[in-house]
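> What follows is a predicted protein model with its sequence.
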Amino acid sequence: MDDTAKQLLPIDGVKEVLYWGRDTNTSSGSYIILFEDRKDMEQSDDDMKEQIQQTIERTIPYSFLSMGEGQGDTSGQMSISLSASTMEELIQGIPAIKEEIGLITGVTGTQAALTEGSKEWMIEFSRAQLAHHRITRTEVEQYISLVLNGVQDIDVKIDGFDTKASIEFPSVYRQSSDALYQLPIRDDMNLTIGDIASLEQVDSESSRVRKDGNYEIMLSIYFDSEVRAQVISNVTDFVHMYQGDMRIALSGTQQQQAEGFESLLVAVAISFVTVFLILTVQFNRLRLPFLIMASLPFAMIGVAIGFLLTGREFDIMAMIGIVMLVGIVVNNAIVLIDFINKHRVDYPDVFTAIIEGAKVRVRPILTTTLTTVGGLLPMFLGVSEASAFQTPIATAVIFGLLFSTFVSLILVPVLYYFFEGGRDKKLHQALMQPNSASETSNF
């Protein structure tokens, strides 16, 4: 395996080769071959795979080779689950599904959870023949497994030294159905597998998963991460519009994200209610908490504008940013309203109190907003390797905070005057009425 790895490295586009086997005399092993970035590759993936296969064929006298593909960067992949009542129905339907998904713009490849090119023996026993020859199915299955798989890591002693050895039967039994048919089971009866069973070689899957009584297979979809949002949207539409015999559903990250969205929507609602209750207790009134909470919808508008301008994907991390934003946005309105309330008695009317309060508090509000935005700029620009997780949070907080701040500096004072100005006029009129009555009686 060392020599093969050294010959794989010079292939154009190969970045690194990892490999392992069970021991130095193992009969099986695995390679993981990491590719360079696509922009640095001078040949296609198919050409590289062909060179890799040719190199392995030239250096290792293998009897079975399975090649799969994937990618370490999950920003360029998603998965869907395919389920059917039988495994045969799944295997037959997968090629059509892969072909349809492959037509979606931006999709670069698909891979089902099957060992492509792998075969397995399907053995159907004759109960009558087993009973006639007085042999059990379990005995035959154990013997066939021994012949096909051999025995690994047996402790033996050679020339007085303890060592390990492996027993392997001729490869012809693994490759030829005729040879397997003639495999002797009982020498005393001249009994072979062909006398008690029928054989069929079929495509094998790497694993069989059953969910809700149906067989299920995962289909990985690979795409260019630059068109991630478009591909995910198109695949989601395909899943929802599929009318075939199989059942298709989003899986993996997309499924978790959908469930996460539902949980975070509940969290956002809870945060809204919690903030409202705290404000109600603080001001001991219902009008002012509603007034302060009025700035939150504008924060959501700012978040939407931010993601439209940047072209970034609105994902579960953005929802976390919105939860953070709820507490930050109301702070500005609280600072302004609380100052006006406390100093209303220092001014002749509500209008003057609002104007003077806004003049005094506008600088602290803008300073707080701008320092928060400045602190989030490194996350927003995505200067680190974890930017895929950081930028949605920063985008939501920055645009939501900026938009709501500038709007609330105008909207909150106007709403405050609308709510409190009329009340102030009624109080003023009530105070003036006794004076008017007194003047009339004196006349």
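Perfect, I can see it now. Residues are numbered from 1 along each chain as shown.
> Please list the outside residues in contact with whichever strand or helix holds S83.
Per DSSP states H and E, S83 falls inside strand 77-84. With C-beta atoms under 8 Å, 6 or more residues apart in numbering as the test, strand 77-84 has contacts from 70-71, 90, 93-94, 97, 112, 211-212, 214-223, 231-232, 235, 239, 245-254. (Glycine included, C-beta is placed from N, CA and C.)
> Would you agree I123 falls within a helix?
No. Applying DSSP: H, G, I helix; E, B strand; the rest coil, one finds I123 to be strand, outside a helix.
> Leaving out the residues flanking it, which one is nearest to it?
Once flanking residues are discounted, I123 sits nearest to A197: 5.1 Å by C-beta to C-beta, 6 or more residues apart in numbering.
> Which strand residues bridge the one you found?
On the basis of DSSP bridges, A197 is bridged to F125.
> how close does it get to R287?
Distance of A197 to R287, given as C-beta to C-beta, to the nearest Å: 84 Å.
> roughly how far is stretch 95-103 from the heart of the chain?
Computed by C-alpha atoms, centre = their mean, to the nearest Å, the chain-centroid distance of stretch 95-103 equals 21 Å.
> Could you pull out the helices in the stretch 151-300 of the chain for me?
172-175, 177-181, 193-196, 228-241, 252-283, 287-293, 296-310 (DSSP state H, counting those that start in this stretch).
> Restricting to C-alpha, output the strand holding S83 in PDB.
Only the C-alpha atoms of strand 77-84 are listed here, as PDB (Å, rounded to 0.1, in the frame of the first residue of the first chain):
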ATOM      1  CA  GLN A  77     -23.400  19.200  -0.400                       C
ATOM      2  CA  MET A  78     -26.800  18.200   0.900                       C
ATOM      3  CA  SER A  79     -28.600  14.900   1.200                       C
ATOM      4  CA  ILE A  80     -32.100  13.500   0.700                       C
ATOM      5  CA  SER A  81     -33.600  10.300   1.900                       C
ATOM      6  CA  LEU A  82     -35.200   7.800  -0.500                       C
ATOM      7  CA  SER A  83     -37.600   5.100   0.900                       C
ATOM      8  CA  ALA A  84     -39.600   2.300  -0.500                       C
END
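> who does that strand pair up with?
Paired neighbours of strand 77-84 in the sheet (DSSP bridges): strand 214-223 (antiparallel), strand 247-251 (antiparallel).
> Give me the angle between the helix or strand just after it and strand 247-251.
Beyond strand 77-84 on the C-terminal side, the first helix or strand identified by DSSP H and E is helix 87-102. Angle, helix 87-102 to strand 247-251, by axes from the mean of the first three to the mean of the last three C-alpha atoms, to 10 degrees: 60 degrees.
> Which strands or helices does helix 87-102 pack on?
Judged by 3 or more C-beta pairs under 8 Å, 6 or more residues apart in numbering; DSSP states H and E, helix 87-102 is in contact with strand 77-84, strand 107-112, strand 197-205, strand 214-223, helix 228-241.
> which stretches of the stretch 301-443 of the chain have low pLDDT?
383-388, 421-443 (pLDDT under 70).
> That one: helices as residue ranges?
Remark: helices assigned in the stretch 301-443 of the chain by DSSP H, counting those that start in this stretch are 316-342, 350-381, 387-442.
> rewinding a little: so the residue nearest to I123 sits against F125, correct?
Yes. With contact defined as C-beta atoms under 8 Å, A197 reaches F125; the gap is 4.7 Å.
> Spell out which residues are contacts of both of those two.
V140.
> So for the two, which residue has more residues nearby?
Using other C-beta atoms under 10 Å, the more surrounded residue of A197 and F125 is A197, with 20 against 16.
> Columns mean pLDDT and distance to M300 on top of the helices and strands packed on helix 87-102, output as JSON lines?
Listed next are the helices and strands packed on helix 87-102 as JSON lines, based on pLDDT from 0 to 100; distance: least, C-beta to C-beta, whole Å:
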{"stretch": "strand 77-84", "mean pLDDT": "82", "distance to M300": "27"}
{"stretch": "strand 107-112", "mean pLDDT": "79", "distance to M300": "32"}
{"stretch": "strand 197-205", "mean pLDDT": "67", "distance to M300": "46"}
{"stretch": "strand 214-223", "mean pLDDT": "80", "distance to M300": "30"}
{"stretch": "helix 228-241", "mean pLDDT": "83", "distance to M300": "19"}
